[in-house]
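1. Have a look at this fold, sequence not included:
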């Protein structure tokens, strides 16, 4: 039986976090939930919040008015996860305080995040990662070239903004809230402590995991003190300049990464944090999909990192180390310019390359210098081989 986060919600959905505390699997669920499109439903500010169940009802109503093109942009897996969570006692009373979705094609920025308030008043800041679109992967590849990308700056700004949230729960409500603590005295203490200083839990999948780590490292010191943990699910690491910084070193004990058996982005660039390798039901790069990860009743099913993924990551890293920043940019722009000219817009599209695509690609590649062309052919071949595996899943 292939147990995934869907099965976990079905199995654990009737258990209160009082009796069954949130764990690493819940953190992945929150990270995947961040992919849900809440445009027009939840604002950036926290003037008005709704429970997850209430937002789902608004979400279903809004979707009825969307046209086919808009509906096609809804990620099916996250959509079904949202539905399950909304009908689950474990999640349906979580409040959604804030949501932002900022896409700037000129800056090559794709930034989205949401803030959830758990029943024990902790705030979960969930950063959205990269979806199946190659536009989203473009910014990921820019992380191989630059110390900081626009989405990272936005992630720290968003965390600072959320840190200013003031809890308006009344003392009477806190006294009744068993989620805060079993002790009445501790409920009173936490009520006043959490008015302006709710604990912060940062999570994210793919690029979202990188954004969670970056925001935690480079936010204001007062906010850092409130961060209880950072969970990164197969997100890339950092350039050397960030790795050696005191901000990164100080936050390391609170960061934990989770990567599948076959990982590329989750092991590329610098990582020094503790990590767990998770078994996936998919093959190759498709294991990046968190919905394929196998879960046990309380945690992930462990695995070992594959030799093939490490070799591919090393190849890319060694190639990039030989290039100047200008050459790195030329390589990334050449690759995504090629995708665009071939009308390839998603990772899945790579598995449907035709002879016409190949002929057009050859014409485009002849315009590049030999160094860039050689690496581009090698990387495209690897991506194509991995994408072909989608047909067998």
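-> Ah, there it is. Predicted, not measured: the structure shown is a model, and the values here were computed from it.
2. And the helices in the stretch 51-200 of the chain, which stretches?
-> 52-63, 68-72, 76-86, 134-142, 150-163, 171-176, 184-193 (DSSP state H, counting those that start in this stretch).
3. out of these, which comes closest to residue 335?
-> helix 134-142 (7.2 Å; Cβ to Cβ). C-beta: built from backbone N, CA, C; applies to glycine.
4. OK, contacts around residue 188?
-> Under the criterion of Cβ atoms under 8 Å, 6 or more residues apart in numbering, the neighbours of residue 188 are 171, 174, 175.
5. ditto for residue 215
-> By Cβ under 8 Å, 6+ apart, the contact list for residue 215 reads 125, 127, 152, 155, 156, 158, 159, 202.
6. what's the burial count for the second one?
-> When you say that, I think you mean residue 127. Neighbourhood size, residue 127 [other Cβ atoms under 10 Å]: 31.
7. same thing with the fifth one?
-> When neighbours are counted by other Cβ under 10 Å, residue 156 registers 19.
8. cool, and the last one?
-> For residue 202, the neighbour count with other Cβ under 10 Å is 32.
9. My read is that it contacts residue 123, right?
-> No. When contacts are counted by Cβ atoms under 8 Å, residue 202 is not listed as touching residue 123 (9.4 Å).
10. so where's the stretch 1-150 of the chain uncertain?
-> Filtered on pLDDT under 70, the stretch 1-150 of the chain yields the residue ranges 1, 69, 72-73, 105-108, 131-136.
11. rewinding a little: in the contacts of residue 215, find the pair that's most separated.
-> 125 and 152 (14.1 Å).
12. more crowded one of these two?
-> Each of residue 125 and residue 152 has its neighbours counted (other Cβ under 10 Å); residue 125 has more, 28 against 25.
13. and the gap between that one and residue 331?
-> Using Cβ to Cβ, to the nearest Å, we find residue 125 at a distance of 33 Å from residue 331.
14. just residue 82 next, same as before
-> Taking Cβ to Cβ as the criterion, residue 82 is separated from residue 331 by 38 Å.
15. same question, residue 202
-> Distance from residue 202 to residue 331, by Cβ to Cβ: 31 Å.
16. same check, this time on residue 293
-> Distance of residue 293 to residue 331, computed by Cβ to Cβ: 31 Å.
17. Comparing the two, which residue is more hemmed in?
-> Neighbours per residue (other Cβ under 10 Å) separate residue 293 from residue 331, with residue 293 holding more: 28 against 23.
18. just checking, that one touches residue 279?
-> Yes. Between residue 293 and residue 279 a contact is recorded at 7.2 Å, counting by Cβ under 8 Å.
19. Mutual contacts of the two, please.
-> The contact sets of residue 293 and residue 279 overlap at 260, 300 (Cβ under 8 Å, 6+ apart).
20. Identify the residues contacting the nearest residue to residue 302 once chain neighbours are set aside.
-> Leaving aside its sequence neighbours, residue 302 sits nearest to residue 277 (Cβ to Cβ, 6 or more residues apart in numbering; 6.3 Å). Residue 277 sits next to 258, 259, 260, 261, 263, 302, 303, 304, 305 when contact means Cβ under 8 Å, 6+ apart.
21. again, only this time at 10 Å
-> Residues in contact with residue 277, defined by Cβ atoms under 10 Å, 6 or more residues apart in numbering, are 257-261, 263, 266-267, 300-306.
22. In a strand, it, correct?
-> Yes. Counting by DSSP: H, G, I helix; E, B strand; the rest coil, residue 277 is part of a strand.
23. For residue 257, pull up the helix or strand it's in.
-> According to DSSP states H and E, residue 257 maps onto strand 255-260.
24. Sheet-wise, list the partners of that strand with their directions.
-> Strand 255-260 pairs in its sheet with strand 227-233 (parallel), strand 274-278 (parallel), by DSSP bridges.
25. Just after the shortest one, pick out the following helix or strand.
-> So that's strand 274-278. helix 307-321.
26. counting contacts, what elements does that following helix pack onto?
-> On a contact count with 3 or more Cβ pairs under 10 Å, 6 or more residues apart in numbering; DSSP states H and E, helix 307-321 meets helix 325-341, helix 370-388.
27. so that helix versus strand 255-260, what angle?
-> 120 degrees (axes from the mean of the first three to the mean of the last three Cα atoms, to 10 degrees).
28. Fine by me, we can end here.
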